[in-house]
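[1] generate coordinates for the sequence data below:
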Amino acid sequence: MVIVSYKRKKCIGCNYCVEQAAAYWRMSKRDGKSVLLGAEEKKGMHTVRLENEALEMNEAAAVACPVNIIKVKLV
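    Numbering: from 1, shown residues only. The predicted structure follows:
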C-alpha cells in the first residue's frame, strides 16, 4: 500500500505532478492548483491510499514538485 499526501494550500500550480503521474493528479480549472484524485482532506493535508503500482509515478511527482509539498510513503 502507498500513501500519497500533499499540502494543497501551498501548491503553485506548476503541473509537474500531473506530467509525472497523470493517472493520480489533475489540475483544477477553478483555482489552477493540483488535485490528488480520491484524496481526503484533513487539517490542510490531502491524503489517499493507493496500490503499490502507484509508487513509482508518485515518487517522480514528489521529486519534480518545486515547492516540495508531496510526500509518498510505502506501508
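
[2] mind checking the end-to-end distance for stretch 40-55?
    Terminal residues of stretch 40-55 lie 18 Å apart, using CA to CA, to the nearest Å.

[3] who are the neighbours of the helix or strand harbouring S5, in terms of helices and strands?
    Assigned by DSSP states H and E, S5 falls within strand 2-6. Under the contact criterion of 3 or more CB pairs under 8 Å, 6 or more residues apart in numbering; DSSP states H and E, strand 2-6 touches strand 34-36, strand 45-50, helix 55-64, strand 70-74. The C-beta positions use only the backbone N, C-alpha and C, and glycine is treated the same way.

[4] okay, the ones you listed, which one's buried deepest?
    strand 34-36 (a mean of 23; mean count of other CB atoms under 10 Å).

[5] and the next helix or strand after it, what does it pack onto?
    Per DSSP H and E, the first helix or strand lying C-terminal to strand 34-36 is strand 40-42. Helices and strands touching strand 40-42, as assessed by 3+ CB pairs under 8 Å, 6+ apart, comprise strand 45-50.

[6] pLDDT of the strand it packs on, averaged?
    For strand 45-50, the mean per-residue pLDDT is 98.

[7] pull the residues that contact it.
    With contact meaning CB atoms under 8 Å, 6 or more residues apart in numbering, strand 45-50 is reached by 1-8, 24, 36-40, 58.

[8] please redo it, this time with the cut-off set to 7 Å
    If you take CB atoms under 7 Å, 6 or more residues apart in numbering as the criterion, strand 45-50 is touched by 1-8, 24, 36, 38-40.
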